[in-house]
Each structure stands twice: as structure tokens, then as C-alpha cells.
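[1] okay, predicted coordinates and the sequence, questions at the end:
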Amino acid sequence: MLSDTSGLIKHPDGCARCWWAGADPTYVAYHDTEWGVPEWDGRALYEKLILDGFQAGLSWITILRRREGFRRAFAEFDPEAIARFTDADVARLMQDTGIIRNRAKIVGTIAGARAYLAIEARGPGFSDFLWDFVDGVPIQGRARDRTGIATETEVSRKLSKALKAEGFTFCGPTIVHAFMQAVGLVNDHLVGCHRHAFCAALGEAP
């Protein structure tokens, strides 16, 4: 693979990708199929927000490699099921080697499920709650090199504050911005990346 000063990496398949994808096949597949694609399903958004919270202090690849373990442990991220978790479930999860065993993050996942359900109950739902922060349209990043990619923004700070007010934890502005990038609220693929135009087109779809 060849890299340039912009932060793009030219892979053997001829595609230029964002620097962070590296050479790990799992990471490359995630970059090429998920990251930056607008997500509208509330439950999927809840899952990703929780996983980004578990990432705090770790690398995303650490979480990505355990994603199926997290799904098994947390009832496929069904908020209704998680909201019913008890202290016994917390104790069980603290022994589960398939996830990151952090008590505060596990308890925060349960609190997040209850917050999700509260938002859903009062309408119009968790997806709309999140997408309203970008007026329902993905923000299109125009960075041509990695120095132009922010770690947090005014929007991520506002969304972070709103999520905390609802009862979510581990959702500071930096985590929230990473979440926004991942679920397509922001298209932060570098302009020269082969996925930038694809994700931009998805954001323009009616």
C-alpha cells in the first residue's frame, strides 16, 4: 500500500481510502460498507452510540472485533430487553469475556436503553431526535487531508449535551462526533477517498 501526505492510502485494489482504515481487512470492510453511510433506524443508532461509548479510552478496532460478542451479551441491542436488566445481569456481563468489562459502561448501556425508550414514547422517535440536529440532512465534509477532520464540533457539543440530559452516559462531544461520522450524520470521508462521493450521494437521496 502507498500513503500520501493527505492521509489517503492507496490500496492494492486501486482504491484510495481514509488513512484510519489501514490494512486490517475488518477495518477496511467497515470503512467500505458502513462508516459514513446515513443510518435512519433508531435501534441501529442506539447500538452504535453505545458501542462508541464503550470505545472511550480504546481503539475502535478493539470494539469492532467484539461487536458480535456485544450483540449476544446485550440482547441484540434491543432497548426494551436491556431496560429490564437487573444487578444480576450487570454481574453476569462483568464476567463476559466477549465484551469490554467496564461496570460504568454496562450500567450506562442500561440507562441509555431507558432513555431511548423514553424518547421513543414521547415521539417522534430516537432517529428523528438525532437527525434533527443536522436538520435531517447529512453534513458534507470537504476535507482534503486529515488535518481538516475535526474531533468535535459545535453540533456534536449540542448533541452531547442533549443526550446527557436524556440520561445517556459516555457521550462527550468527541465520542458523539465520532458517532456522527460513523452513522452518516456527517460525511467525513476525505474528498479523495473512494467512499466520499458515494456517501455524499446517499445524503442527497430523498
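    Cool, the structure landed. What you see is a predicted model; the values in this text were computed from it and never measured.
[2] for Leu49, give its distance to Ala178.
    The gap separating Leu49 from Ala178 is 10 Å, by C-beta to C-beta, to the nearest Å. Where C-beta positions appear, they are placed from N, C-alpha and C, glycine not excepted.
[3] repeat that for Thr62.
    Spatial separation of Thr62 from Ala178 under the definition C-beta to C-beta is 14 Å.
[4] looking at these two, which one has more neighbours?
    Ala178 (20 against 12; other C-beta atoms under 10 Å).
[5] in which helix or strand would I find that one?
    Following DSSP states H and E, the helix or strand that holds Ala178 is helix 173-182.
[6] what is the following helix or strand past that helix packed up against?
    With elements assigned by DSSP H and E, the helix or strand that comes after helix 173-182 is strand 186-187. The contact analysis (3 or more C-beta pairs under 8 Å, 6 or more residues apart in numbering; DSSP states H and E) places strand 186-187 against strand 139-140, helix 196-204.
[7] longest helix in this structure, by residue count?
    Longest helix in the chain, counting residues (DSSP state H): helix 103-122.
[8] domain parsing for this structure?
    By the assignment in automatic domain parsing, the chain contains the domains 2-36, 42-193.
[9] and those domains as TSV, adding mean pLDDT and distance to Leu202?
    As requested, the domains of the chain are exported to TSV (pLDDT from 0 to 100; distance: least, C-beta to C-beta, whole Å):
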stretch	mean pLDDT	distance to Leu202
domain 2-36	89	9
domain 42-193	97	7
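[10] need the residues touching each of Thr62 and Ala178.
    Both Thr62 and Ala178 are contacted by Gln55, under the criterion C-beta atoms under 8 Å, 6 or more residues apart in numbering.
[11] can you pull the contacts of the residue nearest the centre of the chain?
    Closest to where the C-alpha atoms of the chain average out (C-alpha atoms, centre = their mean) is Phe179, at 3.3 Å. Under the criterion of C-beta under 8 Å, 6+ apart, the contact list for Phe179 reads Lys48, Leu49, Asp52, Cys171, Leu185.
[12] just confirm the fourth one is within a strand.
    No: the assignment for Cys171 is coil, going by DSSP: H, G, I helix; E, B strand; the rest coil, so no strand is present there.
[13] for it, give its distance to Met180.
    Using C-beta to C-beta, we find Cys171 at a distance of 11 Å from Met180.
[14] can you pull the contacts of Lys161?
    Contacts of Lys161 were listed using C-beta under 8 Å, 6+ apart, and none were found.
[15] hmm, 10 Å instead?
    Contact partners of Lys161, counting by C-beta atoms under 10 Å, 6 or more residues apart in numbering, are Cys171, Gly172, Pro173, Val176.
[16] could you find the closest non-adjacent residue to the second one?
    Yep, that's Gly172 we're talking about. The spatial neighbour of Gly172 that comes closest, neighbours along the chain excluded (C-beta to C-beta, 6 or more residues apart in numbering), is Ser160 at 5.7 Å.
[17] how much does the helix or strand that contains that neighbour deviate in direction from helix 103-122?
    Per DSSP H and E, Ser160 falls inside helix 154-166. Taking axes from the mean of the first three to the mean of the last three C-alpha atoms, to 10 degrees, one finds helix 154-166 and helix 103-122 inclined to each other by 90 degrees.
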